[in-house]
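Enquirer: sequence first, then the predicted structure:
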Number of protein chains: 2
Amino acid sequence: MEKTNNVIIESNVNHNKSGDILIESAEIVAVGTELLIGQTLNTNTYYLANQLTLLGINSYYQSVVGDNPERLLGMLQTALTRADLVITSGGLGPTADDVTMELIAKAAGKELVLDPVSKQSIIDYFTGIGRTVSDNNWKQAMMPQGAITMPNNNGTAPGAILVFDYDGKKKAIACLPGPPGELKLMFEQSLKPWLEQRVNYEFEHRFLHMIGIGESNAELEIRDLIERQTNPTIAPYASPGEVCFRITQRKLRGRAEADLISPVVAEIKNRLGQYIYEDGTRTLPEIVFALLKEKNQTISFAESCTAGMVSAEFGSIAGISEVFAGSVISYSNNVKEQILGVPSAILQQYGAVSKECAKSMASGVRKSLNTDLAISVTGIAGPDGGTQEKPVGTVYIGADYKGQLTFEKHMIRGNREKIRAVASLRAFHLAWRCLKEKSDN
Amino acid sequence: MEKTNNVIIESNVNHNKSGDILIESAEIVAVGTELLIGQTLNTNTYYLANQLTLLGINSYYQSVVGDNPERLLGMLQTALTRADLVITSGGLGPTADDVTMELIAKAAGKELVLDPVSKQSIIDYFTGIGRTVSDNNWKQAMMPQGAITMPNNNGTAPGAILVFDYDGKKKAIACLPGPPGELKLMFEQSLKPWLEQRVNYEFEHRFLHMIGIGESNAELEIRDLIERQTNPTIAPYASPGEVCFRITQRKLRGRAEADLISPVVAEIKNRLGQYIYEDGTRTLPEIVFALLKEKNQTISFAESCTAGMVSAEFGSIAGISEVFAGSVISYSNNVKEQILGVPSAILQQYGAVSKECAKSMASGVRKSLNTDLAISVTGIAGPDGGTQEKPVGTVYIGADYKGQLTFEKHMIRGNREKIRAVASLRAFHLAWRCLKEKSDN
């Protein structure tokens, strides 16, 4: 057994020969004055931190520093004493301000040399867009000696990975370009596969998305599981407006190990199944889309306080026109009456924010737009318009599924933006349950 | 002259008495494991960095560190050697993990003491929401000796400002809570006014927003002004989907100085006036709202590829119901014909993405919803559906203003998300010009 293990492990560390490195910790250093002055939100560090976590690599610090050579060099040196790997983002452009590659070479004690592969890819890029290469673009082909070049398939600046001895230890620096579209593609295509070969463990993740229960209550329901589990681990995962748990199994790299995740997922489903809408990575609108497609059915929306948010989110899905007929945004009562056919008696007797109006809006839009399912939203998003009986945050969601009417009342806390966002999510939640319940029967 | 200056300056540094501090540089240290693992996007640092820039305070580093006492203390000590002021965010909660206040006291060599004002405000907060204070909430009333307490008007954890001698220099630490809503309010209400009294300069900013011209072309038009100016300075300012310049005059604090901004603004308007839609801080939808209100007129939208984005953005403005009747999201041709009355001949002959359809959609929704102005959007957002004649990114915007029909064709580059976002902005741009041109005449 012992022997088999060793053999298997060794066959999977063949990239990890002498001179290579094992990566347990990493530090992200974002380079750019635009970050220091608050002109740009640092989404790169957020993305990279999340990716490192999924790879099981620890991070203890994150830093931002400007394009100042002295401060950047100092920061690289500090980071190298604290982590196995330093990942930089930004400062790879063609101008004199862009000093990252030069300072990485300096920190590693290497010379910059012209990299023929990078040179050719820069020529190819400019030829592709029908322009000639300007002199300062060659700067981007200068790489620290011994670096592994990472091609940039979304721009001109190649990245680099450099492994070297630093204070008697093996360290690595990986530098990625600043534009998020370039950074993400390069990470996915080049750095991530390189890292996967240099971590001791593989992590397998599974995500359970739920709605209709708060995070603290959901945690309470499975607290014993969370506390008991060491492998797999169960942890809340960021996913705005809903609750998501990540179940993670740690495996020795390349080892065929038993599936420890499925029994845990089964137990969580056993306890929280009614709230779980996805065992995977799809969003709620994507699931509603998939269900409609599967059933060959169509949907429409009648929105009041959300004013198009539900429709716009649905419209962000490519190919949605197969199932999405359209919507009516009925901000004024006039539109509710004339386009949706809400009886004026309902508006007078119960008001626009009422279960009666929600149901009438849903059935009105379903008839007008001739769809299988219709969802309506009417509520008070504030800051004004609330009453004692119907305070700001009162929202009714209505549904008409093939003539069967339902509604839900929600009291949503928060500001106008929050109330509208949560109301949108609730609209998809009701759509999902309409479609799901009929599927299950 | 010299004497007058001195007198005026002195009268304005009366807060800056012995023991107080002059702040020229600041470093933001965000505290939280959720940032290190990529669970939370660091919007606090982005917000604070932008605010510091507006106050004229320099930042050379930003850091993130977890709730680990040793590493946080080390980070505070490092930051104190590099900046006059260290601002922390996060780690002020009631649990054992929240160690920021304790370590700030340690870094400053102070004891933690129970602050009676903070204690009372915690009692008031819990009484207000009808709950009793739990034992660990008192922890949040423990403050470093000599600290200025900043009340938290959006939560329970008060903040603190501490001024102390560090390595023979005056230094300050300000600690703010982690939840963005609490942090922003506390900064605005307490820390910003405190800082304004401790900077040498006052900065007056003016923002010129423009649309219809790219950033590099706009910069080209005023490059000589940008390069010539030292006070006021002209700098591009982050504002997604449009071009914005910030014109900033630096004044000695409290000095009545000549307005140097207006002549520069006049010259920029002279060159780029046709693109400028706002000399101030309002967004394009807000300006459209204001114009409609001023004219006592109403608007409606007919959206196809944007699928509700235009309406939803308009709906995010409080009080919009005064001018916004509603919209029709006409994703299917069926809805275009039946609800908007687009003749089937137009759809057959020119297609749904055509100037004819855009105009017909605008006039259809204006008639149905009975508004003064109507704007329509129809286009190909991709990734599929493009043709050689009408590639992905082809978008028509139509307008019907009191029966007068206009349209615009745009070719928008980017992915589905980008195309829809830019198309939305263009819709507001056309609405603005319709309303503006009629105003000017």
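Expert: Nice, I can see it.
Enquirer: when you work out contacts or count neighbours from here on, use the C-alpha atoms and nothing else.
Expert: Will do.
Enquirer: return the residues of the stretch 201-350 of chain A in contact with chain B.
Expert: On the criterion CA under 8 Å from any CA of the partner chain, chain B has as its neighbours in the stretch 201-350 of chain A the residues A:237-238, A:305-312, A:314-316, A:318-319, A:321, A:324-332, A:334-335, A:339.
Enquirer: for chain A, identify the residue most remote from the centre.
Expert: Relative to the centre of chain A, and counting by CA atoms, centre = their mean, the farthest-placed residue is A:Ala345 at 45.7 Å.
Enquirer: SS state for that one?
Expert: When classified by DSSP: H, G, I helix; E, B strand; the rest coil, A:Ala345 comes out as helix.
Enquirer: do A:Val342 as well
Expert: For A:Val342, the assignment made with three-state DSSP gives coil.
Enquirer: and it, what does it touch?
Expert: A:Lys336, A:Cys357, A:Ser360, A:Met361, A:Gly364 (CA atoms under 8 Å, 6 or more residues apart in numbering or on different chains).
Enquirer: go again with 6 Å.
Expert: If a contact means CA atoms under 6 Å, 6 or more residues apart in numbering or on different chains, then A:Val342 has A:Lys336, A:Ser360 as its contacts.
Enquirer: what pLDDT does it get?
Expert: Predicted confidence (pLDDT) at A:Val342: the value is 97.
Enquirer: pLDDT below threshold where in chain A?
Expert: Counting by pLDDT under 70, chain A contains low-confidence ranges at A:1-19, A:129, A:238-241, A:438-441.
Enquirer: can you tell me which helix in it is longest?
Expert: With secondary structure taken from DSSP state H, chain A has its longest helix at helix A:416-440.
Enquirer: number of residues surrounding A:Lys436?
Expert: Look at A:Lys436: counted by other CA atoms under 10 Å in any protein chain shown, it has 15 neighbours.
Enquirer: so how far is A:Ile211 from it?
Expert: Distance of A:Lys436 to A:Ile211, computed by CA to CA, to the nearest Å: 14 Å.
Enquirer: ok, and the closest non-adjacent residue to A:Met53?
Expert: Not Met; residue A:53 is Thr. Distances taken as CA to CA, 6 or more residues apart in numbering or on different chains place B:Ile37 nearest to A:Thr53, at 5.6 Å, with adjacent residues excluded.
Enquirer: where's A:Glu204, which helix or strand?
Expert: Using DSSP states H and E, the secondary-structure element containing A:Glu204 is strand A:201-210.
Enquirer: quick one: strands adjacent to that strand?
Expert: The strands beside strand A:201-210 in its sheet (DSSP bridges) come out as strand A:243-252 (antiparallel), strand A:276-279 (antiparallel).
Enquirer: circling back: is the longest helix of chain A positioned near chain B?
Expert: No: counting by CA under 6 Å from any CA of the partner chain, no contacts exist between helix A:416-440 and chain B, the nearest distance being 6.8 Å.
Enquirer: check which residues of that helix are buried.
Expert: Residues of helix A:416-440 classed as buried under the neighbour-count rule (16 or more other CA atoms under 10 Å in any protein chain shown) are A:416-417, A:419-432, A:434-435.
Enquirer: same deal with stretch A:50-61?
Expert: A:Asn50, A:Gln51, A:Leu52, A:Thr53, A:Leu54, A:Leu55, A:Gly56, A:Ile57, A:Asn58, A:Ser59, A:Tyr60, A:Tyr61.
Enquirer: same check on stretch A:123-137?
Expert: Buried residues in stretch A:123-137, counted by 16+ other CA under 10 Å: A:Ile123, A:Tyr125, A:Phe126, A:Asn137.
Enquirer: how about the strands in the stretch 51-200 of chain A?
Expert: Ranges of strands within the stretch 51-200 of chain A are A:61-65, A:85-89, A:112-114, A:142-144, A:148-150, A:159-166, A:169-176, based on DSSP state E, counting those that start in this stretch.
Enquirer: want to throw these into JSON lines with distance to chain B?
Expert: Formatted as JSON lines, the entries for these read as follows, by distance: least, CA to the nearest CA, whole Å:
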{"stretch": "strand A:61-65", "distance to chain B": "4"}
{"stretch": "strand A:85-89", "distance to chain B": "14"}
{"stretch": "strand A:112-114", "distance to chain B": "27"}
{"stretch": "strand A:142-144", "distance to chain B": "25"}
{"stretch": "strand A:148-150", "distance to chain B": "23"}
{"stretch": "strand A:159-166", "distance to chain B": "22"}
{"stretch": "strand A:169-176", "distance to chain B": "17"}
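Enquirer: how about these, which one is nearest B:Val133?
Expert: Nearest to B:Val133, of all the strands of the stretch 51-200 of chain A, is strand A:61-65, at 34.3 Å by CA to CA.
Enquirer: against which helices or strands is the closest one packed?
Expert: strand A:26-31, strand B:61-65 (3 or more CA pairs under 6 Å, 6 or more residues apart in numbering or on different chains; DSSP states H and E).
Enquirer: a markdown table please, covering those strands and showing distance to A:Tyr401.
Expert: As requested, those are exported to a markdown table (distance: least, CA to CA, whole Å):
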| stretch | distance to A:Tyr401 |
| --- | --- |
| strand A:26-31 | 50 |
| strand B:61-65 | 49 |
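Enquirer: out of those strands, the one nearest A:Leu220 is which?
Expert: Evaluated over the helices and strands packed on strand A:61-65, closeness to A:Leu220 peaks at strand B:61-65, with 28.1 Å, by CA to CA.
Enquirer: so how far is that closest one from its chain's centroid?
Expert: Using CA atoms, centre = their mean, to the nearest Å, we find the averaged C-alpha position of strand B:61-65 to lie 22 Å away from the chain's own average C-alpha position.
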